[in-house]
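Enquirer: give the three-dimensional model of this entry:
(2 chains)
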Amino acid sequence: MYKVRRWVVRHSRSFETIYQLFEKLLVKLHPLLAKIGYQRMEKPVAKLEQLCKGLLFDCKMCGQCALSSTGMSCSMNCPKNLRNGPCGGVRQNGNCEVKPQMRCVWMDAWQGSQAMLSSDRIHIVQLPVSHNLQGTSAWLRKVRQVVQYQESKKR
Amino acid sequence: MINHDEPVPGEMLPILAGHTSAGRLERVLRAGHFAVTTELSPPDSANRHDVYERACVFDGFVDAMNATDGSGANCHMSSVGMCALLTRIGYAPIMQVSCRDKNRIAIQGDVLGGAAMGVTNVLCLTGDGVQAGDHPEAKPVFDLDCMSLLETIRGMRDKAEFLSGRKISTAPQLFLGAASNPFAPPYDFRPYRLAKKIAAGAQFVQTNYCFDVPRFTEFMARSRDLGLLEKVFILPGVGPMASAKTAIWIRDNVPGIHIPDAVIDRLAGAKNQKQESQNLCVELIQELSEIEGVSGIHVMAYRQEESVANIIQRSGVLQGRTPWYPGRDEQLLQESSGK
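Expert: This is a model prediction of the structure:
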């Protein structure tokens, strides 16, 4: 929902904290998730993720969430799917070139990111979207990445 | 600047040490000359002479021509097609690549093909939305964005591999460009976005129409603070408008173009609006060329291409230099022997 997602951006700092706590919780759940099997968890978790993130961010389920680098403004709502900042077509009033009634997703992203602790993450160049991850759970992917990283550090 | 190693048309110049391309544009910029580029609007025809006729009006005044890629989301001859024709007779165009119409497979293929034909410069663009053009019902692709496009082509050049990691046997030797629009919000993010483009591989940058000099000066100052000016060649864009009415239409209908009211008032108040617009263009070029970090100028004169030579001549930015064009060196030789 447009109004909700704009509200979220205005509270990006709080959502950053919530997300960090949520990530820790998910990582703690890793042994359980692994026991049940990530494959088996994929569908229900993706459904739940779609529900929550759809409501909050108008999430498009690209499967490679970059919200923490984009001021909690989902960049897949950009009609050009830009992952690295606003195009040159942003209107003088800050609205989108393609959808004149919509605030530019990257105007919000810039504003949101500057309120966050990790305000410099917006400056990192994002990789192109992998379209084959569309519809999969970014949460589960993130947990596996974090766990893998932690284990590689232990070695 | 005359290259002593000028090849026959269709062959490539040797690549100088520290250069990434065999192009004249990179040579001119790295030699510290004030470069001039322009936009070559592609014809709506399948006749190669239409391309040559449009190109030759710039002869002797521009260092490179941008072969646009469906600019404004309108359908025209492809940039690859134009580049194929132009490189045949020795021009080294700037091949524009927009992310709007092609996915990563098609784009990388075009880059290899372009480089094989003699394209030495590629300008990486996101592209206008399809709603702006004559086929609003088309599917917008946007598989990559201009940033990942830059990184992809840089990878092809420097690592000799496709985005997939598969090897390329002969890497494309290219001078990579990007666009920048300091005149669209969020203004304070624009210099950072330029930094990001440089990090992704941009070596030169052309901007949108620059009518708001104070805004541009501010953008350049912020870019200098970020240490960007030593890392990239910046060519602000300028161009004449046919009339105040045209300027208003462009401001309202073409995405990303900011024309201050003062400019429109000045044009509207002039007896000969077309002439006044060209005068303004000359003044802007002179003013912009004085700003620290400006390495050249990009002249966009859609449907007024014949005015470019005069504008450049009057601005004096070439300082007596004659940029290369097919047959230039023979002509210069003749002139000097005739004296």
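Enquirer: report all helices and strands that whatever helix or strand A:Gln150 lives in contacts.
Expert: Element membership of A:Gln150, judged by DSSP states H and E, is helix A:138-154. For helix A:138-154, the packing partners by 3 or more CB pairs under 8 Å, 6 or more residues apart in numbering or on different chains; DSSP states H and E come out as helix A:12-28, helix A:30-36, helix A:38-57. Placement of C-beta: from N, CA and C, glycine included.
Enquirer: output that helix as PDB, nothing but the C-alphas.
Expert: Taking C-alpha atoms only, helix A:138-154 is exported to PDB below (Å, rounded to 0.1, in the frame of the first residue of the first chain):
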ATOM      1  CA  ALA A 138      14.900 -13.300   0.700                       C
ATOM      2  CA  TRP A 139      14.700 -14.000   4.500                       C
ATOM      3  CA  LEU A 140      15.800 -17.600   4.200                       C
ATOM      4  CA  ARG A 141      18.500 -16.700   1.700                       C
ATOM      5  CA  LYS A 142      19.800 -14.100   4.100                       C
ATOM      6  CA  VAL A 143      19.900 -16.500   7.100                       C
ATOM      7  CA  ARG A 144      21.800 -19.100   5.100                       C
ATOM      8  CA  GLN A 145      24.300 -16.400   4.000                       C
ATOM      9  CA  VAL A 146      24.800 -15.200   7.500                       C
ATOM     10  CA  VAL A 147      25.200 -18.700   8.900                       C
ATOM     11  CA  GLN A 148      27.600 -19.600   6.100                       C
ATOM     12  CA  TYR A 149      29.700 -16.500   6.800                       C
ATOM     13  CA  GLN A 150      29.800 -17.200  10.500                       C
ATOM     14  CA  GLU A 151      30.900 -20.800   9.900                       C
ATOM     15  CA  SER A 152      33.600 -19.700   7.400                       C
ATOM     16  CA  LYS A 153      34.900 -17.300  10.000                       C
ATOM     17  CA  LYS A 154      35.100 -20.100  12.600                       C
END
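Enquirer: which residues are in contact with that helix?
Expert: Contacts of helix A:138-154 from elsewhere in the structure, counted by CB atoms under 8 Å, 6 or more residues apart in numbering or on different chains, are A:23, A:26-27, A:29-30, A:33, A:38, A:41-42, A:45-46, A:49, A:61-65, A:133.
Enquirer: mind putting the helices and strands packed on helix A:138-154 into JSON lines with mean pLDDT?
Expert: What follows is the helices and strands packed on helix A:138-154, written out as JSON lines (pLDDT from 0 to 100):
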{"stretch": "helix A:12-28", "mean pLDDT": "96"}
{"stretch": "helix A:30-36", "mean pLDDT": "94"}
{"stretch": "helix A:38-57", "mean pLDDT": "96"}
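Enquirer: tell me the residues of the stretch 1-150 of chain B that contact chain A?
Expert: Residues of the stretch 1-150 of chain B that fall close to chain A, judged by CB under 8 Å from any CB of the partner chain: B:99-100, B:104, B:126-129, B:131-132, B:140, B:142-148.
Enquirer: got a ChimeraX select line for the buried ones in those?
Expert: For anyone working in ChimeraX, the buried entries among the residues of the stretch 1-150 of chain B next to chain A, judged by 16 or more other CB atoms under 10 Å in any protein chain shown, can be selected with:
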select /B:99,100,104,126,127,128,129,131,132,140,142,143,144,145,146,147,148
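Enquirer: re earlier: out of the contacts of helix A:138-154, which are buried?
Expert: Applying 16+ other CB under 10 Å to those flags A:26-27, A:30, A:33, A:41, A:45-46, A:49, A:61-65 as buried.
Enquirer: okay, these in CSV with distance to chain B next?
Expert: Below are the buried ones among the contacts of helix A:138-154 laid out as CSV (distance: CB to the nearest CB, whole Å):
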residue, distance to chain B
A:Leu26, 28
A:Val27, 29
A:His30, 29
A:Leu33, 30
A:Met41, 29
A:Val45, 27
A:Ala46, 23
A:Glu49, 24
A:Met61, 17
A:Cys62, 13
A:Gly63, 15
A:Gln64, 13
A:Cys65, 17
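Enquirer: how many neighbours does residue 97 have?
Expert: Since no chain was named, I'll use chain A. The local packing of A:Glu97 (other CB atoms under 10 Å in any protein chain shown) involves 23 other residues.
Enquirer: please go with chain B instead
Expert: With neighbours defined by other CB under 10 Å, the count for B:Val97 comes to 28.
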